[in-house]
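3D model of this:
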Amino acid sequence: MRPVGFSTGALALGDVRAALEMLSHTRLDAVELSALRQGELRPLVESLDALDLRQFRYVSFHAPSALDAAFEAEAVELLTEVIRRRWPIVVHPDAMHDLQRWSAFGNLLFIENMDKRKPIGQRASDLARFFEHLPEASMCFDIGHARQVDPTMSEAAAILETFADRIAELHVSEVNSQSKHDCLTLASKLAFQEVAHLLPTDVPIILESRVSEDQITEEVENAVAALRPTSSMALAGD
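Numbers count the residues shown, from 1 in each chain. Below is the predicted model of the structure:
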């Protein structure tokens, strides 16, 4: 079974240790350590040796969702400590100013498709331009972002079909009109199932739903079900 887990930023924004404590009461075996705000990056990187991550067979790291151009070089230098551990780094396209700085991360750089609030990165054509400059980079496919941008799931299908060989992590949640990550609803689960037959079946699932500790197990079950192709869709994809 592929690794399944949560983003620490979804469980306890800005408090990685609190999120890890919540996850320690589960059997989940994947985690994304999140420094979603620029000021969180250095403290999190400097605390990595002190974190107990033995529970997890998959660990990734989410870089700040926005970076000042003047801080970019320092951010990349800090993130080399993450790469040294061979953990992938999820990055938003618009957070990268000088793409050449990020090229050294190779296939451990996971470029994520974006939601509506971002200036770029929502569509397959946007993402293609980044992969032209970073040909070794992988992709983190956020299915909630894709649905918010295009509820018909046509753009989601286009991204999945175009970058199938690059996708190395899945982000799952409902993304509301304010671009906040919520628990999955029946509507989002049905939408996700429309493209589930296009999703890679072996890459880790990271949930970004904002949930309390007692909601973790149910949300994981809902996410796994939402990414399971229906029999008719599976046949259509054959």
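
can you tell me the closest non-neighbouring residue to the residue nearest to the spatial centre of the chain?
Taking CA atoms, centre = their mean, the centroid of the chain lies closest to His171, which sits 4.1 Å from it. Take His171 and drop its neighbours on the chain: the residue closest to it by CB to CB, 6 or more residues apart in numbering is Asp142, 3.9 Å away. For the C-beta atoms, the positions are set from N, CA and C on the backbone; glycine is no exception.

unless I'm mixing things up, the one you found is touching Ile167, no?
No - contact criterion CB atoms under 8 Å: Asp142 and Ile167 do not qualify, at 10.6 Å.

neighbour count for those two, which is higher?
With neighbours defined as other CB atoms under 10 Å, Asp142 and Ile167 compare such that Asp142 has more, 28 against 19.

how about the contacts made by the more buried one?
Taking CB atoms under 8 Å, 6 or more residues apart in numbering, we find Asp142 in contact with Glu112, Asn113, Met114, Asp115, Leu170, His171, Val175, Glu208.

ok, and the most crowded of those residues?
Going by other CB under 10 Å, Asn113 tops those with 27 neighbours.

for Ala75, what are its contacts?
For Ala75, the contacting residues are Gln38, Leu41, Ala63, Pro64, Leu67, by CB under 8 Å, 6+ apart.

wait, which of the residues you listed is closest to Val220?
Ala63 (24.4 Å; CB to CB).

returning to that earlier point: wait, which of the contacts of Asp142 is closest to Ala50?
The closest of the contacts of Asp142 to Ala50 turns out to be Glu208 (CB to CB; 24.5 Å).

which of the contacts of Ala75 fall in helices?
Counting by DSSP state H, the part of the contacts of Ala75 found in helices is Leu41.

which of the contacts of Ala75 ranks first by neighbour count?
Counting neighbours by other CB under 10 Å, Ala63 leads the contacts of Ala75 with 26 neighbours.

just give the nearest non-adjacent residue to that one, would you?
Counting by CB to CB, 6+ apart, the residue nearest Ala63 is Val91, at 4.7 Å.

which strand residues bridge the one you found?
According to DSSP bridges, the partner residues bridging Val91 are Ile111.

where does the prediction get shaky in the chain?
Residue ranges of the chain with pLDDT under 70: 231-238.

so where do the strands sit in it?
Along the chain, counting by DSSP state E, strands occupy 4-7, 30-34, 58-62, 89-91, 109-112, 138-142, 167-172, 174-175, 181-182, 205-207.

now these as JSON lines including distance to Gln193?
Shown next, in JSON lines, are the strands of the chain (distance: least, CB to CB, whole Å):
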{"stretch": "strand 4-7", "distance to Gln193": "17"}
{"stretch": "strand 30-34", "distance to Gln193": "22"}
{"stretch": "strand 58-62", "distance to Gln193": "24"}
{"stretch": "strand 89-91", "distance to Gln193": "24"}
{"stretch": "strand 109-112", "distance to Gln193": "22"}
{"stretch": "strand 138-142", "distance to Gln193": "15"}
{"stretch": "strand 167-172", "distance to Gln193": "12"}
{"stretch": "strand 174-175", "distance to Gln193": "14"}
{"stretch": "strand 181-182", "distance to Gln193": "18"}
{"stretch": "strand 205-207", "distance to Gln193": "15"}
